[in-house]
Every structure is written in C-alpha cells, then in structure tokens.
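> Here's a sequence, model it:
(chains A and B)
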Amino acid sequence: MAYAIPEENYDLLETVREFAQKEIKEQCKEYDVSGEFPKEIYDAAIEMGLHTLEIPEEYGGMGLDKVTVAALIEQIGIADAGFGTTFAATGLAYKAVLAAGNEEQKQRCADILTETGFAAFCLTEPMAGSDAANSKTTAVKDGDEYILNGRKCFITNAGVAGFYVVTAMTDKTKGTKGMSAFIVEDGTPGLSVGNHENKMGIRCSTTADVVFEDCRIPASNLIGEEGQGYKIAMITLDMARPYMGCVAVGIAQRAIDEAIAYMKERVQFGKPIAANQGLQFKLADMQIKCETARQMVAHAVSLQETDKKYSMESSIAKAYAGDVAMECASEAIQIFGGYGFSREYPVEKLLRDAKIFQIFEGTNEIQKIVIANNLLR
Amino acid sequence: MEILVCVKQVPDDSVEITLDKSTGMPALDKVAVITNAFDGYALEMATRFKEAHGGNITVVSVGPEKARDTLRNCCSVGANAAYLVNDAACENSDTYGTAYALSKAVAKIEAEKGVKFDIIFCGKETTDYTSSQVGPMLAEIMDIPQVTNIIALDPAEGGLSVKQETEEGYNMVDVATPCVVTVTKPSYDPRYPTMKSKMAARKVQIPDITAADMGADASLMGEAGAKCKVVKVFEPAKKEAGVKIKEETVEETVAKAVAMMSDAKVF
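Residues are numbered from 1 along each chain as shown, chains lettered A, B, ... in the order given. Take a look at the predicted model:
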C-alpha cells in the first residue's frame, strides 16, 4: 500500500503528510472556488523546502532518491492536485536544465529555484499543442544575445516562476532540428504573462500565456546547442511524466480515502453502505487500479534512477495514472450518490482535478504514440 | 542564553483512547505517540527566543527508548542538542519522581556541557495526565524562581520579562534567571520541520543518561518512590444526546428550556 522507500525517509513522508493534511487539504477548498493562487500556503510549503525535492545534492538540494520524491509529491497530491502540479511543473522546468544544461546553468537555476520557489516549462503554443514541432516562437541571435518573440500558452507557474525554460525556433527551415531551448529569468524586459486561465480543475495552480516581445537574453542562456531544443524537450518530458503520474495517483488515493470514510458512515437500508458487497467490489477495483498506477510510477522513476531506458515506462505511468485518477474519482462520486455531485462534498473536485492528467505533458493519445514508437522501433 | 526544554512523549490526544478491560489502564498499544502539545509550544517559544536573542537549546526527556524519536523531532525544529534520561528506575514515576529525575539530569547535563541553564522551559501540562505539576516541582527542587502559564517572554534587566496568562487577562512578571517557565498556548503554532532540518536531525547524537550517571537516588523515582498512587482509572462519562428546543419565537424557546430545567430540578 505504499512506495517502497528507504526506511529512514518515512519521517519525511510523515512530515509532508501531516503538512499536506493540516495546511493544504481543507484550505485549498476555498481557493478551488475562487481560483486564486494560495500564496501563503505555498510560502509555508517553500519554507519547508518542498520546492527543492528534485534539486541534486551537489546543487544545494537534498539528494533524495526518486521514489521518495514521488512518494512525497503523492502526499501533496492527495491533499490537493493543483498544489502537487505546481511543484511537479517546477520540477519539469528544472529537469530540462539538468538534462542538457551546463554546470553553471544547473547551479544558477537551482539557486533561483531555491530562492523563488517556482519554475515554468514553456513548450506549448496556441498552434503547437500535441504538434509541439509546429512552434512559431523565434529566437534570433544578435551578437552575444538572443532575441525571443512569440507566445506560449497553458504555462503552469506563469507569473510566479523565477525562471522559464523556453523552446523557440532558431532556424525555421530545419523543422524540429531548428528548435532550441533557453533559460529566461523572471524580470527580463520583453517577458510578460497573460491572463490567468479560469480552469475546470487543479485551480490552486496558476496557468497563463507567456509572451515574448523582443525579449533579449544572454546567449549563454542557451541550453545545450542550437537545434537541440526539441530533443531536450522530449527528454525532459520523458523524465517528468512519472511525477505527474504520482500526483494523479494522489487523486486516486484521495478518492479511495473519501469513499471508505463515506461507506462506513452512510447508512441505507438500516446498515452502513460499506456492508454491500457490490460497493466493496467497487472499492477493491479502485484499490487495484490505484496501487498498480503507483507501482508503475515507482518503476518508471526507478529505471531513471538506475540509468536504464525509461521513455516507454514513463508514458505508461503517466497515461495509466491519469486514467486511474479519472476512474477512481468517478467511482467515488458514484459511491457518494447524490451527495457526490454536490460541491458541499469533496469528491466532485477530484474528477475536475483528474481530467487534466489525461491531457497535459502530452495527452494520453500522445503517450500511446510514444509507447508504440518504443515498441516498433 | 542557555536554554533547556523538558519534553514528554505522549499518546496522540486527537484520537479517542479507551481502557483495556483486562488491566483497567488506558489501551495505548495502537495509539501513535507525539510530542506533548504544550512542550511543542515551549520549544517553539524557546526557538523564537533563540532566533531573536541568540543562545543554545537543549532538550531533555525522561522516557523509554522510543522517546528518542520525539527528541529527534525536537532537533528538527530548533533544538541544538538532546538527552534522554533512559533508566528502568524512572518507569512509572509520578510527577515528583519525574521532576526529581529532571533536576538531576539538569545538573548532569550542565556538568557535561560546562554551562548553566538560564531558562528551563516546560509545557504547562502534559496532554496525557494533565497534572501541571512537573514544572513547578522542578523549580522547587532546584530552588529557583518559576512563572507558570506563560505566553511570551523577553530579556529584561537581570533576567526576563514574562507574560503570564490568567483567567482574567495576563500579568507581566519580571523574573531573575535561572528560572523555570511553564508554557501555555501562545498566539502561534509550532513550526513544521524543513526537509533539510529533518534530515540533519537524523545525525544528531542523543546520549542516554542513567540514574547512576546523574547520581540519582533510585528510591525517589519510579513506582517505588511515587508519592501518588493511581488507585483506579476511569473513562470520562459519555455525554448523552442533548435535546433541541426550537419554538416559534425566542421567548417561547427560552420559556420551554427554563420549564424543562425546572422539571428536572436543575434549580
């Protein structure tokens, strides 16, 4: 019923669980309604260091193993998936730097992240969603600078990030091989953020357009080499997908927790509804799915940890966990009956939160393309 | 300043605890253990004091081996060092036995570290036995001043200026150091450990102190030395379901409530 993490890390798990249950879970309900960014709660989480979980020890992080990181993020996801998404998206941006950046960039971004708490990964554009290669954003070299122009959309942590990892075309004639990746620090002239998206779910995370208008950045902010941007983005997504999977597992686990509590308490036909085998089977099915999704996440990050191939497993973990989150949330609503449909009860939010996990960081259909490509390679 | 915080590991008071019918004592086997809430406030107050005015914080507990976890947690939220008074002779001590053991531990730790504690913090009470006696007894045994139920403290000429909560409001008390203060709930909550402080606390060495180490008279501690004997433990009486009175008007509601109380011979 859990990630197999080193024994010594259970105290971290308990600390994060306690914080998430006491400081995030109930408080986030209000922000789910208002759509505001719960800055004070994020400040408290940052004070604890929850934004630095994925920074390697040599850059000032804690040097935690990846399965422990996944287990900790799941605890945040159980309390609120939007909150978990914020930290997982921060990890996504930093992974691009870890994957292909130089030592100076890795340290610089770790420092910015430690100080500001957030980072953002900017790949998606209005006309480049699943077709990420159809990017219109450009980067033109001018002396020892690049000038960026274009618009990115649906960017998690836009407006709060300390740095943005941005893909842009340095040579439109070369297709995906003409794309490059850059670090753009918050406050750079020409960088601006559009309106906050009024989302269906994960409303405690912030999502907006990021706009570049003659945005000049030092040429040293290029990650890797010119033309490597698309490849870097794909590697980064492979690395990051299981972590979105573990937030989704958090939703599924929360659905199970809420369902169990309600089944024991709700009396119909003179007995708690937990006594009905039909509902027990439903609960058991939820558990089978949740636990297998969790272990797939653990497997995918373990492969990464041990330098084995993990692209296909990352996609399986993310796609499967997203589906499982949807199914468990939907079943929890079914168990709650009419109350499940009411916003007075906690489970309808889970379904709204879950949907995006089948969409962002590559839709489930894109994940299946990745999986099939791995199989047919 | 050198600060000592006395802490106790107690059963989680957020869950309902029942009596074990065979022993007549609370069934605690499956109940998680936590740091006594008031000791947590005391440590947080001490840590804020240290952050504002400098100093060192040592935590000490009289308890079993597993109380080491509590001490380690304290090291992740402000304490610099920790000691565990871990001796079978201390088991089942009453409040006097615990206060006596603590007084001996204070002397032992002071000698070992080569310091004198300026302030000794205790929680105002523990959430398990709620006697509120250990702090005051410790001060009496050590023959130093004490202020109970404090919610804030600041350095002052010759000692401390302490805000003591009372039923009516609060008293401002000047007290000389060294002293014992017992802490009630202040306006803030204890901090959460950071991931880094939690990991750093794993490496803290927590020495054991035995009765012999601190030159304690074992006959004054434990069940044998207890001045208080527990004769019987009761579960609190279960509250019966109340009666809801809701008449057309407030006046009618009050009249009915008064009539019911009159019938029940409440007055």
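> residues near the residue of the stretch 51-200 of chain A found nearest chain B, how many?
Chain B sits closest to A:M62 of the stretch 51-200 of chain A, with a gap of 5.6 Å, by CB to the nearest CB. Every residue, glycine included, has its C-beta placed from N, CA and C. Look at A:M62: counted by other CB atoms under 10 Å in any protein chain shown, it has 19 neighbours.
> ditto for A:Y345
17.
> Now do the same contact list for A:K22.
By CB atoms under 8 Å, 6 or more residues apart in numbering or on different chains, the contact set of A:K22 is empty.
> give me the element the residue of the stretch 51-200 of chain A closest to chain B is part of.
Using DSSP states H and E, A:M62 maps to neither a helix nor a strand.
> Kindly indicate whether residue 212 is helix, strand or coil.
Since you didn't name a chain, this refers to chain A. strand (DSSP: H, G, I helix; E, B strand; the rest coil).
> From A:R254, how far out is the nearest residue to A:Q21 once chain neighbours are set aside?
Closest residue to A:Q21 in three dimensions, ignoring its sequence neighbours and counting by CB to CB, 6 or more residues apart in numbering or on different chains: A:A79, at 6.1 Å. Per CB to CB, to the nearest Å, A:A79 is found 8 Å from A:R254.
> the more surrounded of the two?
The residue with more neighbours, out of A:A79 and A:R254, is A:R254; 28 against 25, by other CB under 10 Å.
> shouldn't B:C228 be in contact with B:D94?
Yes - using CB atoms under 8 Å, B:C228 is in contact with B:D94, at 4.2 Å.
> thinking again about what came up before, what sits against the residue of the stretch 51-200 of chain A closest to chain B?
With CB under 8 Å, 6+ apart, A:M62 has these contacts: A:G49, A:T52, A:L53, A:I55, B:M195, B:K196, B:M199.
> what separates A:G63 from A:A284, distance-wise?
From A:G63 to A:A284 the distance is 38 Å (CB to CB).
> wait, B:K185
From B:K185 over to A:A284 (counting by CB to CB), the distance is 44 Å.
> ditto for A:E361
According to CB to CB, A:E361 stands 30 Å off from A:A284.
> How about the backbone phi and psi for A:K152?
When quoted as degrees, to the nearest 10, the phi and psi of A:K152 stand at phi -100, psi 150.
> re earlier: of A:E361 and A:A284, who's got more company?
For A:E361 and A:A284, the more surrounded residue by other CB under 10 Å is A:E361, and the numbers stand at 27 against 11.
> Can you tell me the closest non-neighbouring residue to A:E361?
Using CB to CB, 6+ apart, the closest residue to A:E361 is A:M244 (5.3 Å).
> What are the boundaries of the strands in the stretch 151-300 of chain A?
Using DSSP state E, counting those that start in this stretch, the strands found in the stretch 151-300 of chain A span residues A:163-169, A:179-185, A:191-196, A:207-218, A:222-223, A:267-268, A:271-272.
> Pick the most deeply packed of those.
Comparing the strands of the stretch 151-300 of chain A by mean neighbour count (mean count of other CB atoms under 10 Å in any protein chain shown), strand A:163-169 ranks first with a mean of 27.
> Let me see the mean pLDDT of that one.
Averaging pLDDT along strand A:163-169 gives 98.
> related to what we said a few turns ago, format the strands of the stretch 151-300 of chain A as a markdown table; extra columns: distance to chain B.
Shown next, in a markdown table, are these (distance: least, CB to the nearest CB, whole Å):
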| stretch | distance to chain B |
| --- | --- |
| strand A:163-169 | 21 |
| strand A:179-185 | 25 |
| strand A:191-196 | 28 |
| strand A:207-218 | 26 |
| strand A:222-223 | 27 |
| strand A:267-268 | 17 |
| strand A:271-272 | 19 |
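> Which one, of these, ends up nearest to B:K163?
strand A:191-196 (43.7 Å; CB to CB).
> Could you name the helices and strands sitting against that closest one?
Under the contact criterion of 3 or more CB pairs under 8 Å, 6 or more residues apart in numbering or on different chains; DSSP states H and E, strand A:191-196 touches strand A:207-218.
> List the residues that contact B:M261.
So B:M261 contacts B:F267 (CB under 8 Å, 6+ apart).
> helix or strand for it, which one?
Going by DSSP H and E, B:M261 is in helix B:250-263.
> Neighbours of the closest residue to chain A within the stretch 51-200 of chain B, how many?
The stretch 51-200 of chain B approaches chain A most closely through B:M195 (4.0 Å), counting by CB to the nearest CB. Residues lying near B:M195 (other CB under 10 Å) number 22.
> ditto for B:N56
15.
> thought it was touching B:L4?
No - using CB under 8 Å, B:N56 is not in contact with B:L4; the gap is 9.5 Å.
> what residues does stretch A:176-184 touch?
So stretch A:176-184 is contacted by A:96-97, A:100-101, A:105, A:108-109, A:133, A:135, A:139, A:146, A:148, A:163-172, A:191, A:212, A:215, A:217, A:221-233 (CB under 8 Å, 6+ apart).
> repeat that for 6 Å
A:133, A:139, A:163-164, A:166-167, A:169-172, A:191, A:217, A:221-223, A:226-227, A:229-230, A:232 (CB atoms under 6 Å, 6 or more residues apart in numbering or on different chains).
> quick one: it to chain centroid distance?
21 Å (CA atoms, centre = their mean, to the nearest Å).
> excluding its backbone neighbours, what's nearest residue 38?
As the question left the chain open, I've gone with chain A. A:Y31 (4.5 Å).
> my bad, the chain I had in mind was chain B
B:G123 (2.7 Å).
> and the host helix or strand of A:E327, average pLDDT?
Using DSSP H and E, A:E327 maps to helix A:311-336. Helix A:311-336 carries an average pLDDT of 98.
> Which elements pack onto whichever helix or strand comes after that helix?
Sequence-wise, the next helix or strand downstream of helix A:311-336 (DSSP H and E) is helix A:347-355. Helix A:347-355 sits against helix A:229-265, helix A:311-336, with contacts defined as 3 or more CB pairs under 6 Å, 6 or more residues apart in numbering or on different chains; DSSP states H and E.
> Give me the pLDDT for the residue nearest to B:P186 when sequence neighbours are not counted.
For B:P186, ignoring the flanking residues on the chain, the nearest one in space by CB to CB, 6+ apart is B:I151 at 4.7 Å. What the model reports for B:I151 is a pLDDT of 97.
> likewise A:M1?
pLDDT, A:M1: 46.
> ok, back up a step: neighbour count for B:C228 and B:D94, which is higher?
Between B:C228 and B:D94, counting by other CB under 10 Å, B:D94 is the more crowded of the two (22 against 12).
> Check the contact between that one and B:V230; I expect there is one.
No - judged on CB atoms under 6 Å, B:D94 makes no contact with B:V230 at a distance of 8.4 Å.
> Could you tell me which residues make contact with the residue nearest to A:Q21?
A:A20, A:I24, A:K25.
> could I get these as TSV with pLDDT and distance to chain B?
TSV is the format used below for those (pLDDT from 0 to 100; distance: CB to the nearest CB, whole Å):
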residue	pLDDT	distance to chain B
A:A20	98	11
A:I24	97	12
A:K25	97	15
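> okay if I get those as JSON lines plus neighbour count?
As requested, the contacts of A:A79 are arranged in JSON lines below (neighbours: other CB atoms under 10 Å in any protein chain shown):
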{"residue": "A:A20", "neighbour count": "24"}
{"residue": "A:I24", "neighbour count": "25"}
{"residue": "A:K25", "neighbour count": "17"}
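> how many neighbours does the closest residue to A:K174 other than its chain neighbours have?
The shortest distance from A:K174 to any non-neighbouring residue, by CB to CB, 6+ apart, is to A:G227 (6.6 Å). Number of residues near A:G227 (other CB under 10 Å) recorded here: 16.
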